[in-house]
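> Give me a model of this one.
(one chain, ligands or ions: 1)
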Amino acid sequence: MFKYLNHLVISKFVMAFSGAYLLLFITGHLIGNLQLFMGREPFNAYANFLQSIGEVLWAERIVLIIAAILHIITSIYLKLHNYKLRGEKYAVRKYVKAGLNSRTMIWTGLMILAFVIFHLLHFTFGVIDSKNYNYQELYTKNAYAISFAGDIEQANQQSMSMEALNPEPIVYERHDVYKMVIMDFRNPWVSLFYMIAVALLGVHISHSLQSAFQTLGISGPRFTRFIRPASIVYGFFIGGGFLIIPLSVLLGLIGGNI
Ligand code: HEM
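I've put the predicted structure just below:
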């Protein structure tokens, strides 16, 4: 009996902490993506910076994958456990039912998982809608041009050649992630799909935050007064924050220069 309870408590904690990490990633991803509103150059600079930090990015991806797997396994374990309890009058039933809206959470969670698989095939691997995947943007490193100007005086004093001072090309090429996103979201079906998925994500987050706080033992009057509305606001921020991106592309508010 105690061993069984321990499994449940550990599962709920694993679920809460893996969920917290996933939420951290999603919040960072949202803030990064909102840079689409700043325009092509800043967004592509950000996207290419992420691609350039290879090992750090892979370390983050590995933790992300582990967190996602743990989150999925524990949610299925707890769901199966709940099904089992439905038939039996078990002593811990009340405890297990403490999770808010746990019935809908597993379904919104599975839909989000399906969305993430689609999303990776779409933007990360370029398998879906691949015609928009290979755009390149030409850019120049302004900082390099400025430091170059600063070096001229010193170079003149040392009688350096222009080639020695200017060994790198001034114009570079990088993946045009901005154009890829804009062109893809101009397809109303793609945008609609994303908008439904991120709305579900918002609902899932607001429910799961409330559930996680209960797991961590934060409940009672303080819970209903502060944590419940805060969870709803956070879910709304994430869902709404992602949703305005495809919506703004469809309305022509961003990407007009493409
Ligand atoms: C409007 C909404 C979104 C936009 C515009 C967007 C954009 C992108 C882009 C452009 C990439 C590829 C980055 C690159 O390889 O250059 C990406 C990767 C990714 N996105 Fe999103 N995303 C959105 C929503 C989401 C949501 C809601 C989730 C999670 C639920 C998510 C999870 C991921 C993951 C896991 C990756 C892979 C990260 C990696 O390769 O390290 N995205 N996203």
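
> by contact count, what packs against the lengthiest helix in the chain?
As assigned by DSSP state H, the longest helix anywhere in the chain is helix 54-87. Judged by 3 or more Cβ pairs under 8 Å, 6 or more residues apart in numbering; DSSP states H and E, helix 54-87 is in contact with helix 2-33, helix 93-96, helix 102-119. In this view, the C-beta of every residue, glycine as well, is placed from N, C-alpha and C.

> let's see it at 6 Å
helix 2-33, helix 102-119 (3 or more Cβ pairs under 6 Å, 6 or more residues apart in numbering; DSSP states H and E).

> Mind checking the pLDDT average for it?
What helix 54-87 shows for mean pLDDT is 88.

> For that helix, which residues meet the burial criterion?
For helix 54-87, burial by neighbour count (16 or more other Cβ atoms under 10 Å) applies to 67-68, 70-72, 74-75, 77-79, 81-82, 85.

> Let me have the residues you listed in JSON lines, extended by distance to Leu192.
Formatted as JSON lines, the buried residues of helix 54-87 follow (distance: Cβ to Cβ, whole Å):
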{"residue": "Ala67", "distance to Leu192": "29"}
{"residue": "Ala68", "distance to Leu192": "25"}
{"residue": "Leu70", "distance to Leu192": "31"}
{"residue": "His71", "distance to Leu192": "27"}
{"residue": "Ile72", "distance to Leu192": "26"}
{"residue": "Thr74", "distance to Leu192": "32"}
{"residue": "Ser75", "distance to Leu192": "27"}
{"residue": "Tyr77", "distance to Leu192": "34"}
{"residue": "Leu78", "distance to Leu192": "32"}
{"residue": "Lys79", "distance to Leu192": "29"}
{"residue": "His81", "distance to Leu192": "36"}
{"residue": "Asn82", "distance to Leu192": "33"}
{"residue": "Leu85", "distance to Leu192": "38"}
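
> List just the nearest of those residues to Trp189.
Ranked by distance to Trp189 (Cβ to Cβ), the buried residues of helix 54-87 are led by Ala68 at 26.4 Å.

> how close does the closest residue to that closest one other than its chain neighbours sit to Leu200?
Closest residue in space to Ala68, ignoring its immediate chain neighbours: Leu22 at 6.5 Å, by Cβ to Cβ, 6 or more residues apart in numbering. Distance of Leu22 to Leu200, given as Cβ to Cβ, to the nearest Å: 14 Å.

> Likewise for Leu192?
Leu192 is 13 Å from Leu200, by Cβ to Cβ.

> Who has more neighbours out of those two?
More neighbours surround Leu200 than the other of Leu192 and Leu200, with 18 against 13 (other Cβ atoms under 10 Å).

> The more buried one is in what secondary structure piece?
helix 188-215 (DSSP states H and E).

> Am I right that the residue nearest to Ala68 is in contact with Ala67?
Yes. With contact defined as Cβ atoms under 6 Å, Leu22 reaches Ala67; the gap is 5.5 Å.
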